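Predicted coordinates and the sequence they were generated for:
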Amino acid sequence: MSPATAPQPLPVVDDVDTGGFFAAAARGELAIRMCNGCDSVLHVPVAYCYRCGSWDTRWQTVAGTGRLYSWTVVTHQVHPAYPVPYTIVLVELDDHPEARLVGQLPGRPELEAGQPMEVWFERVSDDVVLPQWRPGQALRP
Ligand SMILES: [Zn+2]
């Protein structure tokens, strides 16, 4: 099997803690888990609020825009499905800056900390859609 055709490892999309994230992505929406008791962002997603102790949580659709918080260029290939170089980005959401999400850009793009980013949705299999990030426009000035 050539490196370019190796199957991409897929996430479990029906997990009790994280399934809502992937269900939203399949609808073309970005969602984060929040507490109904104290309105805290629960990211990475969990069913229990570590701030107020509530088990009452929800999946909140968010705008899908943010700022580039950090990134790294990967030059050492660790899996045949991911030819190098590529860039892993960490994006801070505009409407919930306490949540930072990960994405992947091809190659070595010119990036600047704080630049606007926007989500897009990559269908990687019949059952899996992944939110990804690319340079774009942000809600925050
Ligand atoms: Zn809470």
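Structure's in. What do you need?

The strand or helix carrying Ala25: what's the following helix or strand?
Element membership of Ala25 [criterion: DSSP states H and E] is helix 19-26. Sequence-wise, the next helix or strand downstream of helix 19-26 (DSSP H and E) is strand 30-35.

Other residues contacting the helix holding Ala25?
Helix 19-26 is contacted by residues 11, 13-14, 30-33, 45, 59, 61, 121, 127-131 when judged by C-beta atoms under 8 Å, 6 or more residues apart in numbering. Where C-beta positions appear, they are placed from N, C-alpha and C, glycine not excepted.

Then stretch 120-133?
With contact meaning C-beta under 8 Å, 6+ apart, stretch 120-133 is reached by 8, 10-11, 13, 21-22, 25-26, 28, 30, 64, 66, 89, 91, 101, 103-105, 117-119, 134.

go again using 10 Å as the cut-off
Around stretch 120-133, the neighbours that count as contacts under C-beta atoms under 10 Å, 6 or more residues apart in numbering are 7-14, 21-31, 64-66, 68, 71, 81, 88-91, 101-105, 117-119, 134, 136.

Count the residues that sit near the nearest residue to Val12 once chain neighbours are set aside.
Counting by C-beta to C-beta, 6 or more residues apart in numbering, the nearest residue to Val12 once its immediate chain neighbours are dropped is Thr18, at 7.6 Å. By other C-beta atoms under 10 Å, 17 other residues sit near Thr18.

ok, back up a step: would you list the buried entries among the contacts of stretch 120-133?
Buried subset of the contacts of stretch 120-133 (neighbour count, 16 or more other C-beta atoms under 10 Å): 13, 21-22, 24-25, 29-31, 64-66, 68, 71, 89-91, 101, 103, 105, 117-119.

how about the residues of this structure that lie near the ion?
Contact residues (C-beta under 5 Å from the ion) of the chain with the ion: 35, 37-38, 40, 49, 51-52, 54.

Quickly find the element holding the residue positioned nearest the centre of the chain.
Centroid check for the chain by C-alpha atoms, centre = their mean gives Leu101 as the closest residue, at 3.9 Å. Using DSSP H and E, Leu101 sits in strand 100-106.
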